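> below are the sequence and a predicted model for it; my questions follow.
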Number of protein chains: 2
Amino acid sequence: MNEVKIALLGFGTVGTGVYELLEKKSELIKERIGIKPIIKKILVKDLKKKRNIKIDQKCLTTNVEEILEDPDISIVCELMGGIEPAKSYVLKALQKGKEVVTANKAILAQYGNEIWKEATKRKRFLGFEASVGGGIPVIKTLKEALIGNNINSIIGIINGTTNYILTRMLENNLNFKDALKEAQAKGYAEADPTLDIKGVDSAHKISILASLAFGFYIPVSEVYTEGIEEIDLMDLKFAKDFGYIVKLLAFAQKRKNKIEIRVHPTLIPENHVLTSIRLNYNALYITGDFVGDILLYGLGAGKEPTASAVVSDIIDAIEYSYFRKKPFIKYPLTKNDKFLNIRPIEEVKFRYYFRFSAIDKPGVLSKISGILGKYNISIASVVQIGRQKKKGSVPVVMLTHETKEKNVIKALHEIDKLDVVTSSTKKLRILE
Amino acid sequence: MNEVKIALLGFGTVGTGVYELLEKKSELIKERIGIKPIIKKILVKDLKKKRNIKIDQKCLTTNVEEILEDPDISIVCELMGGIEPAKSYVLKALQKGKEVVTANKAILAQYGNEIWKEATKRKRFLGFEASVGGGIPVIKTLKEALIGNNINSIIGIINGTTNYILTRMLENNLNFKDALKEAQAKGYAEADPTLDIKGVDSAHKISILASLAFGFYIPVSEVYTEGIEEIDLMDLKFAKDFGYIVKLLAFAQKRKNKIEIRVHPTLIPENHVLTSIRLNYNALYITGDFVGDILLYGLGAGKEPTASAVVSDIIDAIEYSYFRKKPFIKYPLTKNDKFLNIRPIEEVKFRYYFRFSAIDKPGVLSKISGILGKYNISIASVVQIGRQKKKGSVPVVMLTHETKEKNVIKALHEIDKLDVVTSSTKKLRILE
């Protein structure tokens, strides 16, 4: 019988999802590809843990060597998360000649160089579709569907937690804290939401996508990263009045032979398709020189969507191990790994949204605009929000024409020291 | 040197695009996959035709046998369009042991059974990514990324011409004729736009997608098809007032063990992501049991996007012919080809938009609603548009609750015979 034996490392949410999918669909998959994938072993921490799933106890093991040393197992799926021991197990599995599938964005974004090199050296399949965008087939699209394209730009909403929070804030008049609480209650945010909210999760993912798009490894340390923790409901509303929706975007773009890679909240013009990505949905907006603009949209997390992506990789790994007469390494990302021509954020040009907090008296706007003028920052439109009834500060909101980030940094530094400015200026970048 | 030889059948817009892409990107592709694709022969109608492209005359031939009998050529790309001789050439190429790539939706939607059977029998790769959705990787997504899913539903905007026309009508207050003229001037509609406007092009494409999604061949003759030629600007505006955008949608859905497959203009609730697909863009909204909802969006036609899709298939064909030790036929669509359990449109339930043209006098609404009631069609909301200044008819617009199409057919037949009804009722279905 045509079977391929698989091992799972980790049996949490994603592992359980993969197990359930393969249990349920083994006949369907057999019909579709002629091969039945069989899960032979699952690495767990605790054999005695109570599980909400029927499983033969003999499948479970706490000893990874039982998997790595079993020549019968040709595919190893790392679904544990975290850096160690996940990273060591992935490397060992490749060294032992296994094809490897992983859902682990952190090890790829931080140690991708080592992992991709090992896979290339050992001529093994390395699948990581589930590491970005959950069930959205963005890795396959970049590696296969767009293989004839030079990728000019990837713009992604690749974190469901922050997208949920920003959507609920604007649409339901919630402040950041309440929206976060709601996201946690619904299971869209973790108890400690730091990695999501600070943009680190998005940075991990855009590092992986950029590496694929541009053909060499770009670690997460190269990604300029801002989160949404400073976003005020007021800013979402002012932006909307100007015709923009604020989302946390991840960018990987090639411009004039340099790469720009960053994560930050961004104003998106209302007629752009990315503004229709609401709640916990993710989307990738990719521009290639032949394909033009394409968008991929779907659930970026969750047991079932992630399992769908892992199984897609498993099937590709089966093709690779079972049908190949010789290895076929697509995208050897180890090629130019000493070349990292990344444009620093200071040198990137944007249009900006500024919200100044200023004392409500004559002459303030003139002081602010004087400093902006000094740094060649030209104002596109400005709204001074009504006079205060009580004493205190009023928001002055402004959109600028295009200017370099470094000018903005200098100007805001000076403006924030003005005695008429009561707290530090809120700055958001605008998507062209 | 690692090279694979390719032949193109046809050198029109798509053929030229593929040629240009491979010329421009052969080094990039070599870097990405280690193999260089080389176009050895191109079948043309006229060797002496003036072409806007530099090409070695020796590449061109008018004799298809030179390609089919050349053992050096392992991949044949059919880019001629039309039924014959395209269909015969595809079959012959498969019989001669070539891998085949085609952009031809018509031959697949009308003769897919024969073609898929031949490919399966000969164990050849048959690529058809470019047949649906231009550069959007929908075929790869269905065959590979979603391989672990049962597909419940595909809803597509898969014709750029009609989407362009409907977008321009609503957003720019154009009537159908003017919007069509504009689309023709911009190259988004052909001189004879019949196949697009009547929904036939969309029907071809949904037949292909449904075959893949459900695992057996569903010819275009099974697709219930309505076009947009009867759509009035007035209907787009009334729909908008009710909170809906009208688009030409193609559906392939599995419900209660039956397949529903159809093309018709449809009211989409304004907060649905499909309403953000404007102008000549296409989109596929796919629901799988594990992945949930995903959307793929991009340019559905044009030289470069289509070439991008063809080249993606060429690379897969190279993998197939060059690296396989044994054939790997995914999705043998010939399996259940005698089973066609399709629910007739009469048995499908919808909510409806009706626009009655009625004489503006008391009692009319009561007559109409009486007949609707007789057929168990329950009204959700109704708008009678202001009184006429001049004599004549007024539109009465109505949304219904869910009811079977056959009830609607009977009721409208009766209503349209009323002496107070001045012309036949406009009926549009609503997306849930």
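Cool, the structure landed. Keep in mind that this is a model prediction, so the values were computed, not measured.
> any idea of the mean pLDDT in stretch A:399-418?
The pLDDT scores in stretch A:399-418 average 97.
> domains in chain A, by residue range?
Chain A breaks down by automatic domain parsing into domains covering A:3-134+A:303-323, A:141-299, A:346-430.
> near chain B at all, the first one?
Put plainly, it is domain A:3-134+A:303-323. Yes: using Cβ under 8 Å from any Cβ of the partner chain, we find that domain A:3-134+A:303-323 touches chain B at A:17, A:21-22, A:25, A:28-29, A:31-34, A:129, A:304-305, A:307-309, A:311-312, A:315-316, A:319, A:322-323. (C-beta placed from N, C-alpha, C; glycine too.)
> would you show me how to pick out the buried ones of the residues you listed in ChimeraX?
If you want just the buried ones from the residues of domain A:3-134+A:303-323 next to chain B in ChimeraX, going by 16 or more other Cβ atoms under 10 Å in any protein chain shown, the selection is:
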select /A:17,21,22,25,29,32,33,34,129,304,305,307,308,309,311,312,315,316,319,322,323
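> rewinding a little: adding distance to B:Glu190, write the domains of chain A out as CSV.
Shown next, in CSV, are these (distance: least, Cβ to Cβ, whole Å):
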stretch, distance to B:Glu190
domain A:3-134+A:303-323, 36
domain A:141-299, 20
domain A:346-430, 39
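> nearest to B:Asp419, of those domains?
Nearest of the domains of chain A to B:Asp419, taken as Cβ to Cβ: domain A:141-299 at 46.1 Å.
> hmm, that closest one touching chain B?
Yes: Domain A:141-299 is in contact with chain B by Cβ under 8 Å from any Cβ, via A:141, A:144-150, A:215, A:271, A:273, A:275-278, A:288-299.
> ok so, going back, among the residues of domain A:3-134+A:303-323 next to chain B, which are in helices?
Among the residues of domain A:3-134+A:303-323 next to chain B, DSSP state H puts A:17, A:21-22, A:25, A:28-29, A:31-33, A:304-305, A:307-309, A:311-312, A:315-316 in helices.
> okay but A:Leu431 is in contact with A:Leu249, surely?
Yes: A:Leu431 lies in contact with A:Leu249 (Cβ atoms under 8 Å); the separation is 6.9 Å.
> count of neighbours near A:Asn294?
To be clear, residue A:294 is Ile; Asn isn't right here. Neighbourhood size, A:Ile294 [other Cβ atoms under 10 Å in any protein chain shown]: 28.
> tally of neighbours for A:Ile55?
15.
> kindly report the same for the one 4 residues further on.
The local packing of A:Cys59 (other Cβ under 10 Å) involves 15 other residues.
> excluding chain neighbours, what is closest to it?
A:Ile42 (5.4 Å; Cβ to Cβ, 6 or more residues apart in numbering or on different chains).
> ditto for A:Thr194
Nearest non-adjacent residue to A:Thr194 (Cβ to Cβ, 6+ apart): A:Val200, at 7.5 Å.
> give me phi/psi at that neighbour?
phi -70, psi -40 (degrees, to the nearest 10).
> per-residue pLDDT, it?
Per-residue pLDDT puts A:Val200 at 98.
> roughly how far does it sit from A:Glu229?
12 Å (Cβ to Cβ, to the nearest Å).
> these two: which has the busier surroundings?
Higher neighbour count among A:Val200 and A:Glu229: A:Val200, with 19 against 15, using other Cβ under 10 Å.
> buried ones only from the residues of domain A:141-299 next to chain B, please, as a ChimeraX command.
The following ChimeraX line selects those of the residues of domain A:141-299 next to chain B that are buried, judged by 16+ other Cβ under 10 Å:
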select /A:141,144,145,146,147,148,149,150,215,273,275,276,277,278,288,289,290,291,292,293,294,295,296,297,298,299
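> inside strands: which ones of the residues of domain A:141-299 next to chain B?
Judged by DSSP state E, the subset of the residues of domain A:141-299 next to chain B located in strands is A:Gly288, A:Gly292, A:Asp293, A:Ile294, A:Leu295, A:Leu296, A:Tyr297, A:Gly298, A:Leu299.
> for those residues, which one is nearest B:Gly370?
The closest of these to B:Gly370 turns out to be A:Tyr297 (Cβ to Cβ; 45.0 Å).
> ok, now which ones touch that closest one?
With contact taken as Cβ atoms under 8 Å, 6 or more residues apart in numbering or on different chains, A:Tyr297 is in contact with A:Ile136, A:Ile277, A:Tyr281, A:Asn282, A:Ala283, A:Leu284, B:Val273, B:Ile294, B:Leu295, B:Leu296, B:Tyr297.
> which one of these is nearest B:Gly97?
The shortest approach to B:Gly97 among these belongs to B:Leu296, at 32.7 Å (Cβ to Cβ).
> A:Asp416: how many residues sit nearby?
A:Asp416, neighbours per other Cβ under 10 Å, totals 15.
> so what's it up against?
By Cβ under 8 Å, 6+ apart, A:Asp416 lies in contact with A:Ser424, A:Thr425.
> how near is it to chain B?
38 Å (Cβ to the nearest Cβ, to the nearest Å).
> hang on, A:Asp419 in a strand?
No: in this structure, A:Asp419 is coil, not part of a strand, as judged by DSSP: H, G, I helix; E, B strand; the rest coil.
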